[in-house]
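Asker: here is a sequence together with a model predicted from it:
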Amino acid sequence: MLGTLGLQDGVLSKERALRPPNMVIILADDLGYGDLGTFGGWIPSPHLDALAKSGLKFTDFHSNGVVCSPTRAALMTGRYPQRAGIPGVIVAALEGKTHNDGIQDAEWTLAEALRDKGYATGLMGKWHLGYQKPFNPTRHGFDQFRGYISGNVDYFSHIDQAGVEDWWHDEKLEAEEGYSTHLITQHAVDFIVENKNRPFFLYVAHEAPHYPFQGPHDKPLRTVGQPREIQGARTDKKVAYKEMVEALDEGVGEIVSKLEELKLHENTLVWFMSDNGAARQGSNKPLRGYKGGVWEGGHRVPAIASWPSVIPSSTEISLLTMTCDVMPTLLSIADVGRDGHQPLDGTNLTPWLTDPSRAAEALSERALFWNGTAMRQGPWKLIQTKGTPAPRYQLFNLKQDLSETQDLATQYPKRVDSMRRALTHWKTDMEQTRTSQPSHNVEQPSKR
Ligand SMILES: [Ca+2]
């Protein structure tokens, strides 16, 4: 929730008096916890390493979703995606059950809040919060949108996996030549230059390293109506994946360089994160599992925040954090009150950004939930799996067993019981308060 900023309020007030800070969110797609150099991973990432060195690295940051759309809904609303009405992927297939779903007008978005505060707002890259016009980013707070609305496009022809052309300039289809990662970076840099004289909120939603696995030197594969090679044609997909992460890393470097060149970097918060864990081409080491599942590998993701005038350099924080914390944090920094808007599920992290040495205990017992089948509290993680006649529960202590190898459920039955009840309560709460999707024609009673 939006709270007071505490001891560091003076620091922020001084910053705001000069000019409200700029904010840049860079979201990677399907990047794993064990991919980047700075997280001990296998892919050299000099620019992200430098970003981490200039600020702080989160070691216990989680995506709200284990797939794309839900995490993006949480980023844009500060709420659980289940509550915001987007619990799963909004599929590209025209006949898919969720194809006509999208972010509803009832949701108060981060972009709307910042735009109303006087920020220039831009989304460059992937949206994935609805295909229909009423769901377009420009109708949910973004002054500018360049990119695509589906889950993935051919990196060159920009055709989605249903064979539909998908590269937009605001509400119009507008084809552009180039590699997705390069185009997204270029539009992000252009946006910074255009708005250098006013506060801006830039959301850079990269496609990399989501499939199709195409490096910068590959060729287009998909054509309209013919979405061939959904995963890409290369046989060395892991090598392609590495090339894709390297291009993403270079893009981060270009954005930071532009901020430095324009002397904006000291007062710009750059927050990098992934929208879910890696699929099998990437690495989530030392975590168990992959994208799509609720093992840690599905949702514990790399995250880095840099804001040189405020965040101390070279710090690491083990605070238990989640995508839905981003909105309350940015609203606090921009001094935006919630007023009559919906309550947020996330926590304002500003006190820890300004003072990472502050004890993490205040958040250590918070309960976090994924998919209605997993929850976290302190070091404890409960996972629900299917069973007959009733579901089964497994319990892990992540402090001692980060890789989730030892099920402790039989040793701690009382803890299993209390967490199981909390999980059930959370699911009921989500069902009763969720924003409905008119396309399903199942109206839910609203309690708000
Ligand atoms: Ca994703």
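Answerer: Yep, that arrived. Residues are numbered from 1 along each chain as shown.
Asker: all contacts plus neighbour counts: C-alpha atoms, from now on.
Answerer: Will do.
Asker: now for residue 250: which residues touch it?
Answerer: By CA atoms under 8 Å, 6 or more residues apart in numbering, the contact list for residue 250 reads residue 47.
Asker: for this protein, what spans make up the helices?
Answerer: 9-18, 46-54, 68-77, 110-116, 180-194, 237-261, 296-299, 326-333, 350-354, 361-364, 413-433 (DSSP state H).
Asker: nearest residue to residue 391 other than its sequence neighbours?
Answerer: Counting by CA to CA, 6 or more residues apart in numbering, residue 391 lies nearest to residue 385, which is 5.8 Å off, once chain neighbours are set aside.
Asker: quick revisit: nearest to residue 86, of the helices of the chain?
Answerer: When those are compared by CA to CA, helix 68-77 sits nearest residue 86, at 5.5 Å.
Asker: for this structure, what lies in contact range of the ion?
Answerer: Counting by CA under 5 Å from the ion, the positions of the chain adjacent to the ion are 29-30, 68.
Asker: apply 6 Å and report the result again.
Answerer: Contacts of the chain with the ion, taken as CA under 6 Å from the ion, map to 29-30, 67-68, 275-276.
Asker: any weak-confidence spans in the stretch 201-350 of the chain?
Answerer: The model of the stretch 201-350 of the chain has no residue with pLDDT under 70.
Asker: mind listing what the residue positioned nearest the centre of the chain touches?
Answerer: Nearest to the geometric centre of the chain sits residue 275, at 3.9 Å (CA atoms, centre = their mean). By CA under 8 Å, 6+ apart, the residues touching residue 275 are 27-31, 63, 65-68, 71-72, 299, 301.
Asker: next one: residue 116
Answerer: If you count contacts by CA under 8 Å, 6+ apart, residue 116 has none.
Asker: ok, now how distant is it from residue 132?
Answerer: 24 Å (CA to CA, to the nearest Å).
Asker: try residue 70
Answerer: 17 Å.
Asker: same deal with residue 374?
Answerer: Going from residue 374 to residue 132 by CA to CA gives 32 Å.
Asker: what's the answer for residue 59, then?
Answerer: Look at residue 59 and residue 132: by CA to CA, they are 37 Å apart.
Asker: of the two, which one has the most company?
Answerer: residue 59 (19 against 13; other CA atoms under 10 Å).
Asker: contact partners for that one?
Answerer: Neighbouring residues of residue 59 by CA under 8 Å, 6+ apart: 302-303, 316-319.
Asker: how about these in a markdown table, adding neighbour count and distance to residue 408?
Answerer: Shown next, in a markdown table, are the contacts of residue 59 (neighbours: other CA atoms under 10 Å; distance: CA to CA, whole Å):
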| residue | neighbour count | distance to residue 408 |
| --- | --- | --- |
| 302 | 28 | 27 |
| 303 | 27 | 29 |
| 316 | 17 | 29 |
| 317 | 20 | 27 |
| 318 | 14 | 23 |
| 319 | 20 | 24 |
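Asker: from those, pick the one nearest residue 337.
Answerer: Nearest to residue 337 among the contacts of residue 59: residue 319, at 24.3 Å, using CA to CA.
Asker: nearest residue to residue 352 in space, ignoring adjacent ones along the chain?
Answerer: Spatial nearest neighbour of residue 352, excluding adjacent residues (CA to CA, 6+ apart): residue 358 at 6.2 Å.
Asker: ok, the one you found to the ion distance?
Answerer: Applying CA to the ion, to the nearest Å, the value for residue 358 to the ion is 31 Å.
Asker: near that residue, how many other residues are there?
Answerer: Residue 358 has 13 nearby residues by other CA under 10 Å.
Asker: correct me if wrong: it contacts residue 350.
Answerer: No: checked against CA atoms under 8 Å, the pair residue 358 and residue 350 is beyond contact range at 11.0 Å.
Asker: just to revisit the earlier point, ok, which pair from the residues of the chain next to the ion is furthest apart?
Answerer: So, the residues of the chain next to the ion by CA to CA: farthest apart are 29 and 67, at 9.2 Å.
Asker: list residues touching both of the two?
Answerer: 275-276.
Asker: ok, the closest residue to the ion within the stretch 51-200 of the chain - contacts?
Answerer: Nearest residue of the stretch 51-200 of the chain to the ion: residue 68, at 3.9 Å (CA to the ion). Each residue near residue 68 by CA under 8 Å, 6+ apart is listed here: 29, 88-89, 128, 151, 275-276.
Asker: now distance to residue 409 too, for these, in TSV please.
Answerer: Formatted as TSV, the contacts of residue 68 follow (distance: CA to CA, whole Å):
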residue	distance to residue 409
29	33
88	28
89	31
128	37
151	37
275	29
276	26
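Asker: out of those, which comes closest to residue 223?
Answerer: Relative to residue 223, the closest of those is residue 151; by CA to CA it sits at 16.5 Å.
Asker: wait, isn't that closest one in contact with residue 130?
Answerer: No: contact criterion CA under 8 Å: residue 151 and residue 130 do not qualify, at 10.0 Å.
Asker: need the overlap of contacts for these two.
Answerer: In contact with both residue 151 and residue 130: residue 90, using CA under 8 Å, 6+ apart.
Asker: and the two? which has more neighbours close in?
Answerer: Between residue 151 and residue 130, residue 130 has the larger neighbour count (other CA under 10 Å), namely 25 against 22.
Asker: any idea what that one is bridged to?
Answerer: With DSSP bridges as the criterion, residue 130 is bridged to residue 102.
Asker: and it, how far from residue 99?
Answerer: Residue 130 is 8 Å from residue 99, by CA to CA.
Asker: and for the two, which residues touch both?
Answerer: Joint contacts of residue 130 and residue 99 (CA under 8 Å, 6+ apart) are residue 90.
Asker: separation between the residue of the stretch 101-250 of the chain found nearest the ion and residue 253?
Answerer: Of all residues in the stretch 101-250 of the chain, residue 210 sits closest to the ion, at 6.6 Å by CA to the ion. Here the distance between residue 210 and residue 253 works out to 20 Å (CA to CA).
Asker: more neighbours, those two?
Answerer: More crowded of residue 210 and residue 253, by other CA under 10 Å: residue 210, with 24 against 19.
Asker: and the residue of the stretch 301-448 of the chain closest to the ion?
Answerer: For the stretch 301-448 of the chain, CA to the ion, closest residue to the ion: residue 301, 11.0 Å.
Asker: OK, contacts around the residue nearest to that residue when sequence neighbours are not counted?
Answerer: Nearest residue to residue 301 in three dimensions, chain neighbours excluded: residue 33, at 4.9 Å (CA to CA, 6+ apart). By CA under 8 Å, 6+ apart, the contact set of residue 33 is 39, 41, 277-278, 283-285, 287, 297, 300-302.
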